[in-house]
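> Build me a structure from this.
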Amino acid sequence: MKKIFTSALCLSALYFGTADAQQWKTIAFGQSTDLNFASLIKPEKVGTNNAWIAGQSSFLIPNQPYQLPADFYLESRGGKIANSHDGMVVFYTQLPVNQTFTLESDVTLEQIGPEVDGKTPAAQEAVGLFVRDTIGVARSDPQPAGYEEFPNASNVIMNALITQNKKNDNLVKVTALVRDGVKKAWGNEGISINKDDYVQNVNYVEVKNMHLTLTRTADQFILAMKDNASGVVNKWQMNDYQGFMNQQDNANIYVGFFASRNAKVEFKNSALILGDERVNYSQLPEKPPVTVDIKPTLTLASPLKVYHKNYTLQLFPNTSGTVFVKEINKTFTAKVGELLQITTELSQGANTFTVEFKDQNKTNSQTFTVNLDKSTIENLSHIVVSPTGKSHNQGTKRSPVDLQTAINSVEPNGVIYLMDGYYNGVTITPTLSGLPGKLKTIEAINKHKAIFINETFNLDGYYWSIKQVIFDGNIDDKDNQPAYLRIAGSHNIIDQVITRNNSDTGLAISAKSKNRLFWPSYNLVLNSDSYNNMDKSGKNADGFAAKLGVGKGNVFRGCIAHNNTDDGFDLYNKIEDGPNEPVLIDSSITYSNGFPFSKPNIAKGSIGNGFKLGAEGQPVNHRIINSIALNNNMDGFTDNFNTGSYTISNNIAINSARYNYILRANPYTFLNPVVTFEHNYSIRDSWQSVIKDSLGPQVVVKDFQSVTRDALWKDDIKFTITRDQNGNIVLPPELKTLIDQHLVN
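Below you'll find the predicted structure:
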């Protein structure tokens, strides 16, 4: 073994000497390493993600080459150790991908976890040693105010000290952290993370000097922690395998030291010892494949109890193949992800359907029993419901039924009419679905006089319409409750609905399954409002959202989101889920988000975007057109780390607390992203002391104008945005004139 060890400081700007000498560099990269990450940090520490030599006052310069110092510090007040990506400050070197080595250091942890009163650790704070198959793109320097850094995903193994729990008790655990399955720098589906806490309950105030080691042999990784005071050594190891450290960069690995999120650490007596052996990937074992036994399965999407002999058996296949129905002696073609409709006529009582679903490899038999029953409801296509209705009533105004009975009974193309009053939220399961062209409808008799309270309304079924009702989480002027609307089904229409005062996002389209086949698709939210939604933390409640598993064809049109504690529209995407499908937001307005009614004095620029294009580093080609962002407390239109070729056209952003438009420079230039940015306006009362709009080089700009208010109107305007009797948005005359004169569809 050949040892590189520094006992004296050398800060040569160029590396020279023996072939064994290494260039070491420092950078900060990844999410939350920017100036915007401030909620858990003392004001004087915001943006601190630096490396320096012990005893020196100046920081090491990012991306400049150094030799490994004898005694140095890393301090990170931002960043995070997340399941699928990292944000951190690092001091690292680059090695050949097949290099064996031992990296070791004496480690003194000086501080970890929030120093702000009342804030506690999030188990994303860590320091230690690492080996990665990519290194992130260095954060912007200098950093523009309000500019946030993109996530960076990498396969990694860390020997890390991580906060033990969510308490300020000075305890850390020594953790072998392994992330695998990262194929793209912005993340992808299939990423896994394993955290093996091989030493726990280490009080870093008492155990001031630990020796950490990370060793790579020709076929293993070996981690160790030694308590230098007691001499006790603990070890952890794992076998290497093909495709672990050579997935993203098959020529290099990156080895070094890190700190992340509210941590300050000293590294002394560090050494990198290069091994003579080399890793032969062709001789390493393959990682055991994760076998998914896909049995052809049909999910029922039609009722098991009905009241009319004409029936459509509706089935959702998880793969493509043929479906033979024994009772009617017919074979049908099933296409993966598409509903299969089989029309038939039922007999009174139980009707059994034995179906044989066959794909290329397997056959699966399933049995569904549908009961044809008699109902007390007078007209199954016109059912009247009241809050005090009874299940045995006739479903008329004089004899209304309860809501659940109506949902269980209504025929496709039928309408459930809600009388005035309060209703508890319900769950509409897939087995209660309507049919293509024959939606089942829930509608208020008197517009917005039927109000859902107390519980979440879950729309998990297909082909439903919900019209002119309210979902209100606070009817008693106490804490907001979860009376919001959640859509996990597909092909639904939400029309002239209001979601307000909820303890989380008012209306969200979001999957309940990790299987993309079941992600909600082709939902239309039309002429609806969502406002004053606020969770207890005051950080998470949006107006509208399509996030965390979103299928094709979802549209928001003519919607208004205002005074929500977080964003007006949020299209957030979890990295490990893979990219959502594109969403269209059309002719919608978002204003005063970040300012819920009960907390009007929120710090300027701290929370509340207008339109947030989700993605979390994932490339998703969302479209926002013909829309307005007005007086939001962060950004009007923000990419939120979307690396795709999205579209922002025919929009107006007015008086955002930070950026009217922030579309960051895409670090993944090899994607060749092209962002369409046409016929947009950026309007402010004044441009002095204001953050200017940020449009990255991937943004193709056409007919973009930045103007002051005086160039548009003279009188002081108080915007009042209303709706007509059909639910269409009515703009104040000044804005309408601007749109008519200047924006071209």
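> Pull the contacting residues for residue 663.
Shown in contact with residue 663 (CB atoms under 8 Å, 6 or more residues apart in numbering): 637, 638, 639, 648, 675, 677, 694, 695, 696, 699. Bear in mind the C-beta positions are built from the backbone N, C-alpha and C, glycine included.
> The second one and residue 660, how far apart?
By that I understand residue 638. Per CB to CB, to the nearest Å, residue 638 is found 10 Å from residue 660.
> Also the fifth one?
According to CB to CB, residue 675 and residue 660 sit 16 Å apart.
> hmm, back to that, are any of the contacts of residue 663 buried, and which?
The neighbour count (16 or more other CB atoms under 10 Å) marks 637, 638, 639, 648, 675, 677, 694, 695, 699 as buried among the contacts of residue 663.
> related to what we said a few turns ago, quick check, nearest of the contacts of residue 663 to residue 446?
Here the nearest of the contacts of residue 663 to residue 446, counting by CB to CB, is residue 637; it sits at 36.7 Å.
> From one end of stretch 653-669 to the other, what's the distance?
Using CA to CA, to the nearest Å, the end-to-end distance of stretch 653-669 comes to 27 Å.
> show me the biggest strand of this protein in terms of residues.
Ranked by residue count under DSSP state E, the longest strand found in the chain is strand 263-278.
> Adjacent strands (with direction) for that strand?
Note on strand 263-278: by DSSP bridges, its sheet partners are strand 2-5 (antiparallel), strand 71-76 (antiparallel), strand 99-112 (antiparallel).
> any idea of the mean pLDDT for the helix or strand following it?
Once the chain leaves strand 263-278, the next helix or strand it forms, by DSSP states H and E, is strand 298-300. In this model, strand 298-300 has an average pLDDT of 96.
> Show me the contact partners of strand 298-300.
If you take CB under 8 Å, 6+ apart as the criterion, strand 298-300 is touched by 314-318, 323, 334, 340, 355, 357, 366, 368, 430-431.
> which residues sit against the strand or helix carrying residue 653?
Assessed by DSSP H and E, residue 653 sits inside strand 652-654. By CB under 8 Å, 6+ apart, the surrounding residues in contact with strand 652-654 are 610, 627-631, 636-637, 660-661, 680-684, 735, 738-739, 743.
> try stretch 675-687
So stretch 675-687 is contacted by 645-655, 660-661, 663, 690, 693, 695-696, 698-709, 712, 738, 742-744 (CB under 8 Å, 6+ apart).
> let's go with 6 Å and repeat that
Residues outside stretch 675-687 that contact it (CB atoms under 6 Å, 6 or more residues apart in numbering) are 646-655, 660, 663, 690, 693, 698-707, 709, 743-744.
> Could you work out the end-to-end span of stretch 651-659 for me?
14 Å.
> same deal with stretch 634-649?
This stretch, stretch 634-649, spans 20 Å end to end (CA to CA).
> Which other helices and strands does the helix or strand hosting residue 408 contact?
If you go by DSSP H and E, residue 408 is part of helix 403-409. Helices and strands touching helix 403-409, by 3 or more CB pairs under 6 Å, 6 or more residues apart in numbering; DSSP states H and E, are strand 382-385.
> Okay, buried residues for the strand it packs on please.
Across strand 382-385, burial judged by 16+ other CB under 10 Å covers 383, 384, 385.
> Equivalent analysis for stretch 299-316, please.
300, 301, 302, 303, 306, 307, 311, 312, 313, 314, 315, 316.
> Repeat that for stretch 116-129.
Across stretch 116-129, burial judged by 16+ other CB under 10 Å covers 121, 123, 124, 125, 126, 127, 128, 129.
> right, and residue 425 touches residue 452 too?
Yes: in this structure, residue 425 is within contact of residue 452 by CB atoms under 6 Å, at 5.2 Å.
> ok, the two, which is more surrounded?
residue 452 (26 against 19; other CB atoms under 10 Å).
> now the more buried one, nearest residue through space, not along the chain?
Nearest non-adjacent residue to residue 452, counting by CB to CB, 6 or more residues apart in numbering: residue 471, 4.7 Å away.
> Which strand residues bridge the one you found?
In this structure, residue 471 has the following beta-bridge partners (DSSP bridges): residue 452, residue 499.
> Between the buried residues of stretch 299-316, which sits nearest residue 440?
Out of these, the member with the shortest distance to residue 440 (by CB to CB) is residue 303, at 10.1 Å.
> in a helix, that's where the closest one is, yeah?
No: counting by DSSP: H, G, I helix; E, B strand; the rest coil, residue 303 falls outside a helix, being coil.
> So it versus residue 323, what's the distance?
19 Å.
> Residue 253 - how many residues pack around it?
Residue 253: 24 surrounding residues under other CB under 10 Å.
> actually residue 397, not the one I typed
Per other CB under 10 Å, the neighbour tally for residue 397 reads 11.
> Repeat that for residue 587.
16.
> dump the residue contacts of it.
So residue 587 contacts 557, 558, 626 (CB under 6 Å, 6+ apart).
> So, low pLDDT: which residues of this protein?
Residue ranges of the chain with pLDDT under 70: 1-21, 687-690, 709-719, 738-739, 741-745.
> how does it divide up, domain by domain?
Domain assignment for the chain by automatic domain parsing gives 2-278, 298-372, 484-742.
> Out of the ones you listed, which gets nearest to residue 444?
domain 484-742 (9.1 Å).
> rewinding a little: can I get the buried part of the contacts of stretch 675-687 as one PyMOL selection?
Selection of buried members from these for PyMOL, criterion 16+ other CB under 10 Å:
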select buried, resi 646+647+648+649+650+651+652+653+654+655+660+663+693+698+699+704+709+743
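> sorry, back to before: and the contacts of strand 652-654, which are buried?
Buried among the contacts of strand 652-654 (16+ other CB under 10 Å): 610, 627-631, 636-637, 660-661, 680-684, 735, 738, 743.
> in the protein, which spans are helices?
Using DSSP state H, the helices of the chain run over 403-409, 733-742.
> Was I right to think residue 85 contacts residue 154?
No: assessed by CB under 6 Å, residue 85 is found out of contact with residue 154, at 7.8 Å.
> Quick one: neighbours of the nearest residue to residue 376 once chain neighbours are set aside, just the number.
In this structure, residue 376 finds its nearest non-sequential neighbour in residue 392, 5.4 Å apart by CB to CB, 6+ apart. Counted by other CB under 10 Å, the residues lying close to residue 392 total 12.
> buried ones in stretch 547-566?
Within stretch 547-566, the residues that count as buried by 16+ other CB under 10 Å are 547-551, 553-566.
> and those residues, which of them are in strands?
Residues of these located in strands (DSSP E): 554, 555, 556, 557, 560, 561, 562.
> show me what contacts the closest residue to residue 455 other than its chain neighbours?
Of all residues beyond its chain neighbours, the one nearest residue 455 is residue 425 (3.6 Å), with distances taken as CB to CB, 6+ apart. Shown in contact with residue 425 (CB under 6 Å, 6+ apart): 452, 455, 456, 457.
> What distance do you get for the residue nearest to residue 251 when sequence neighbours are not counted to residue 131?
Excluding the flanking residues, the one nearest residue 251 by CB to CB, 6+ apart is residue 97, at 5.6 Å. Separation of residue 97 from residue 131 (CB to CB) stands at 11 Å.
> same deal with residue 489?
Distance from residue 489 to residue 131, counting by CB to CB: 44 Å.
> for residue 379, same thing?
70 Å.
> Of these two, which one has the most company?
Neighbour totals were compared for residue 379 and residue 131, and residue 131 leads with 23 against 15 (other CB under 10 Å).
> For that one, give the beta-bridge partners.
Note on residue 131: beta-bridge partners by DSSP bridges are residue 157, residue 255.
> Does it touch residue 255 like I think?
Yes: Residue 131 is within contact range of residue 255, at 4.9 Å (criterion: CB under 6 Å).
> Just to check, residue 54 is in contact with residue 71?
Yes: applying CB under 6 Å as the test, residue 54 and residue 71 come out as touching, 3.9 Å apart.
> count of residues packed around the residue nearest to residue 726 when sequence neighbours are not counted?
Among residues not flanking residue 726 along the chain, residue 527 sits closest, at 7.8 Å (CB to CB, 6+ apart). Counted with other CB under 10 Å, residues neighbouring residue 527 total 22.
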